[in-house]
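K.L.:
sharing a model prediction with you, sequence too.
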Amino acid sequence: MNKTFNHKGWLFVLPVVVLVAFNAIIPLMTVVNFSVQESFGDNVFFWSGMQWFEQVLHSDRFHAALLRQLLFTAIVLAIEVPLGLAIALAMPRRGPWVSVCLVLMALPLLIPWNVVGAMWNIFALPDLGLLGRLINGIGFHYNYTRQPLGAWFTVVLMDVWHWTSLVALLCYAGLVAIPDAYYQAAKIDGARPWAVFRYIQLPKLKHVLTIAILLRFMDSFMIYTEVVVLTGGGPGNATTFLSIDLVKMALGQFDLGPAAAMSIVYFLIILFLSWLFYTLMMQKEET
Amino acid sequence: MRLKFLLPAIYILFLLLPIYWLLNMSFKTTNEILGAFTLWPRNFTFDNYRKIFTDPTWYWGYINSLIYVLMNTVLSVLVALPAAYAFSRYRFLGDKHLFFWLLSNRMAPPAVFALPFLQLYSAVGLFDTHIAVALAHTLFNVPLAVWILEGFMSGVPKELDETAYVDGYSFWGFFLKIFIPTIAAGVGVACFFCFMFSWVELLLAKTLTSVEAKPIAATMTRTASTSGYELGLLAAAGVLTIVPGAFVIYFVRNYIAKGFALGRV
């Protein structure tokens, strides 16, 4: 669309800017403030320079949490994206089942995150939960509160349960938007299903898939509530991801300096990712 | 070809199993939950629900949550409407940078902001009020609403605006009487997403409240820790948090995906 130059646009965005600035800039400055100061309580602060950043960037604890976070995000993406795509491809396109599918699939997205955690906590309990009973019943020894591997399995399964629908819904919207003419042309050319997928559907889905992958990447990078309620970051530190570690440090131990420094490093990672996301999306819109 | 329907069917079954288990637990007595493993409640009971609907600390949790969620939805969409219009129609100094800055706030991890928010809202005297949570949630809901609305508005041809001006409408007359009804679906979707993300977010809501505006989530956490193993009650509370979501999904079922794609499918 041709946009006209009109600096009055600023008047229209002013309320948004004021509101978001209040919520974003003041807290961010607070964090920056904490990250360069040392405190001995009573609100007395001393300048401490880059000390906390060096401490955080060199600490094994941060490295371990970051590594777990990256591993979790990679596993979750590797499962959710192909699965969501496959489900979208197999979903009916018209008829009464469409609405049923859409509503049921959207259901997990609207459950408060702590309830998701609590639900899976109950569902996976080895003695009271259906899942725990089932897995132990077929001969695996499974107890997510004791075994790191069991905890990982449960957390990943929960995330797949919670968010695969998002990928599927996005892909489905993309598929529905492909005009029938493309499929008719493919039929005339005698294209096999695989060719239709590879040369018609996949290129047309590029845009929604980009959004889906990046949304999942960023949201899984920030995962907190579900995991805290499900495993509490345990057993040990097995499922302590970045957000969980951060909250433990800031609100649990009140190590404000290191926590603030870690927040900023964490935020910079996210900022870089959103920049990547934005660039990719704008590129697509310009072509 | 028949087999094709198997995958969505199995997936939906997988989605419903944990929800069924929660439902199942919510109709059981504590004795039955701890005593025996049963696939459906043998001693069917409404006691858990009755307790929630009669105990003020429980039902006020729901009311508190609904109050701040609705406040947030109205606030976010109201301020986002003109901003989205500006982004979709005008070019102005720094518009792209501004859009990116808004976007980056949608990506900000709530964990980073929890403590500074607590200090900020205590300092301005809003701690433990509904408005504090509603305002805090605008951090990610306003950018989201601007995004979704901008996507929908960009789909409306500019000729509509120009025709209205030729017909003698003032800007606000056009905006309120013609433009907003045109993108009504977009406004609905934006409302839905603001509702949804405010409803499911709990870290900030919990941090910013203590007694007066405590969300249902916090009530549930307290129950889980203090009264031991009242799983049935917890399950019933969980089931009730799913209800509003399930209710609103129905109205926007055909637009959900478009909303998630930020109006850009």
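P.N.:
It's in. Numbers count the residues shown, from 1 in each chain, chains lettered A, B, ... in the order given.
K.L.:
what's around residue A:158, how many residues?
P.N.:
Residues lying near residue A:158 (other Cβ atoms under 10 Å in any protein chain shown) number 25. In short, each C-beta sits where N, CA and C put it, glycine included.
K.L.:
buried residues in stretch B:178-185?
P.N.:
Of the residues in stretch B:178-185, B:179, B:183 count as buried by neighbour count, 16 or more other Cβ atoms under 10 Å in any protein chain shown.
K.L.:
start and end of that stretch, how far apart?
P.N.:
Terminal residues of stretch B:178-185 lie 14 Å apart, using Cα to Cα, to the nearest Å.
K.L.:
wait, does it contact chain A?
P.N.:
No. Stretch B:178-185 lies out of reach of chain A by Cβ under 8 Å from any Cβ of the partner chain, never closer than 12.6 Å.
K.L.:
next one: stretch B:69-87
P.N.:
Yes. Stretch B:69-87 comes into contact with chain A (Cβ under 8 Å from any Cβ), by way of B:75, B:79, B:80, B:82, B:83, B:85, B:86, B:87.
K.L.:
so which residues make contact with that stretch?
P.N.:
Here stretch B:69-87 makes contact (Cβ atoms under 8 Å, 6 or more residues apart in numbering or on different chains) with A:9-10, A:12-13, A:15-16, A:19, B:92, B:95, B:99, B:130-131, B:133-135, B:137-138, B:141-142, B:144-147, B:149-150, B:153, B:175, B:179-180, B:187, B:190-191, B:194-195, B:198-199.
K.L.:
quick one: which of the residues of stretch B:69-87 next to chain A is nearest residue A:214?
P.N.:
The shortest gap between residue A:214 and any of these belongs to residue B:87, at 20.0 Å (Cβ to Cβ).
K.L.:
just the buried ones from the contacts of stretch B:69-87?
P.N.:
With neighbours counted by 16+ other Cβ under 10 Å, these contain buried members at A:9-10, A:12-13, A:15-16, A:19, B:92, B:95, B:99, B:130, B:133-135, B:137-138, B:141-142, B:144-147, B:149-150, B:153, B:175, B:179, B:187, B:190-191, B:194-195, B:198-199.
K.L.:
for residue A:60, give me its contacts.
P.N.:
With Cβ under 8 Å, 6+ apart, residue A:60 has no contacts at all.
K.L.:
just the ones in strands from the residues of stretch B:69-87 next to chain A, please.
P.N.:
Among those, no residue falls in strands (DSSP state E).
K.L.:
dump those to a markdown table, plus neighbour count and pLDDT.
P.N.:
Below are the residues of stretch B:69-87 next to chain A laid out as a markdown table (neighbours: other Cβ atoms under 10 Å in any protein chain shown; pLDDT from 0 to 100):
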| residue | neighbour count | pLDDT |
| --- | --- | --- |
| B:75 | 21 | 94 |
| B:79 | 23 | 94 |
| B:80 | 30 | 93 |
| B:82 | 20 | 92 |
| B:83 | 27 | 92 |
| B:85 | 23 | 91 |
| B:86 | 26 | 91 |
| B:87 | 27 | 89 |
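K.L.:
got TSV for the residues you listed, with distance to residue A:140 too?
P.N.:
Below are the residues of stretch B:69-87 next to chain A laid out as TSV (distance: Cβ to Cβ, whole Å):
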residue	distance to residue A:140
B:75	50
B:79	52
B:80	49
B:82	57
B:83	53
B:85	57
B:86	57
B:87	53
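K.L.:
contacting residues around the closest residue to residue A:223 other than its chain neighbours?
P.N.:
Distances taken as Cβ to Cβ, 6 or more residues apart in numbering or on different chains place residue A:241 nearest to residue A:223, at 6.0 Å, with adjacent residues excluded. Neighbouring residues of residue A:241 by Cβ under 8 Å, 6+ apart: A:65, A:68, A:69, A:72, A:223, A:224, A:227, A:233.
K.L.:
let's see 7 Å
P.N.:
Applying Cβ atoms under 7 Å, 6 or more residues apart in numbering or on different chains, we find residue A:241 in contact with A:65, A:68, A:69, A:72, A:223, A:227.
K.L.:
so which of these is the closest to chain B?
P.N.:
Within the contacts of residue A:241, distances to chain B taken as Cβ to the nearest Cβ reach their minimum at residue A:223, with 9.3 Å.
K.L.:
give the next helix or strand downstream of the host helix or strand of residue B:111.
P.N.:
According to DSSP states H and E, residue B:111 maps onto helix B:110-123. Once helix B:110-123 ends, the next helix or strand along the chain (criterion: DSSP H and E) is helix B:130-154.
K.L.:
helices or strands up against that following helix?
P.N.:
Contacts defined by 3 or more Cβ pairs under 7 Å, 6 or more residues apart in numbering or on different chains; DSSP states H and E place helix B:130-154 against helix A:9-35, helix B:56-89, helix B:95-106, helix B:184-200, helix B:203-207.
K.L.:
low pLDDT regions in chain A?
P.N.:
Applying pLDDT under 70 to chain A flags the ranges A:1-2, A:39-45, A:254, A:281-282, A:284-287.
K.L.:
now the strands for chain A?
P.N.:
All strands of chain A, identified by DSSP E, fall at A:4-5, A:37-39, A:45-47.
K.L.:
and residue B:248, which of those strands is closest to it?
P.N.:
Between residue B:248 and these, the shortest separation by Cβ to Cβ is 36.9 Å, and it involves strand A:4-5.
K.L.:
excluding its backbone neighbours, what's nearest the residue nearest the centre of chain A?
P.N.:
Centroid-nearest residue in chain A, with Cα atoms, centre = their mean: residue A:219, separated by 1.9 Å. Using Cβ to Cβ, 6+ apart and skipping the chain neighbours, the partner closest in space to residue A:219 is residue A:163 (7.2 Å).
K.L.:
ok, now residue B:220?
P.N.:
Leaving aside its sequence neighbours, residue B:220 sits nearest to residue B:237 (Cβ to Cβ, 6+ apart; 5.2 Å).
K.L.:
give me the buried positions along whatever helix or strand the one you found lives in.
P.N.:
Take DSSP H and E as the rule and residue B:237 turns out to sit in helix B:231-252. Within helix B:231-252, the residues scored as buried using 16+ other Cβ under 10 Å are B:231-242, B:244-245, B:248-249, B:252.
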